[in-house]
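> Attaching a predicted model along with its sequence, questions to come.
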Amino acid sequence: MFERPLVDTIVARLSEPRRLIQAIVGPRQSGKTTAIAQAQTRLEAQGMRVCYASGDEPLVPGPAWIDEQWELARTLAGEAPVVLALDEVHKIPGWSERVQGRLGPRHS
C-alpha cells in the first residue's frame, strides 16, 4: 500500500515530548485523513494509543463534542501515551476557543 510521505513527519512529531498541538492543513482531497490513518497504524504499533474522531458529520457537532473527545482520550490513556486526532475540527463552531480552553493550566 502506498504510504503518504507526510506520515514520517507526523509520526516523528507525535513521538516527541508533548509541547505543541500539531495541525495538518492542506487543500481538500489532498490525503490528510489518509496520512492520519497511516500514522495511527504506525503509532499504535509503537505502543501509543490514538483516539480519532471526525467533525465531518451530516449534523455538525457542537463545541461540547470536543470536550467529549478529550475526555474519551484521557480515559483511554492509562499507562500508554495517547494522541487525540480531531479530523475536520474546523467545522465545529468555536473549535479554536474550545481547544485553547482545554490546553489551559487546569486541563493540561
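Cool, got the structure. Numbers count the residues shown, from 1 in each chain.

> hang on, Asp67 packs against Trp95?
No. When contacts are counted by C-beta atoms under 8 Å, Asp67 is not listed as touching Trp95 (11.3 Å). All C-beta atoms are positioned from the backbone trio N, CA, C, and that covers glycine.

> When the two are compared, which one has more neighbours?
Neighbours were counted for Asp67 and for Trp95 using other C-beta atoms under 10 Å; Trp95 has more, 18 against 14.

> Asp8 versus the residue nearest to the more buried one when sequence neighbours are not counted, what's the distance?
The shortest distance from Trp95 to any residue other than its chain neighbours is 5.0 Å, reached at Val89 (C-beta to C-beta, 6 or more residues apart in numbering). Going from Val89 to Asp8 by C-beta to C-beta, to the nearest Å gives 23 Å.

> Looking at these two, which is more packed in?
Ranked by neighbour count (other C-beta under 10 Å), Val89 and Asp8 place Val89 first, with 20 against 14.

> Report the separation between the more buried one and Ala45.
25 Å.

> and if you look at Pro61?
From Pro61 across to Ala45, the span is 30 Å (C-beta to C-beta).
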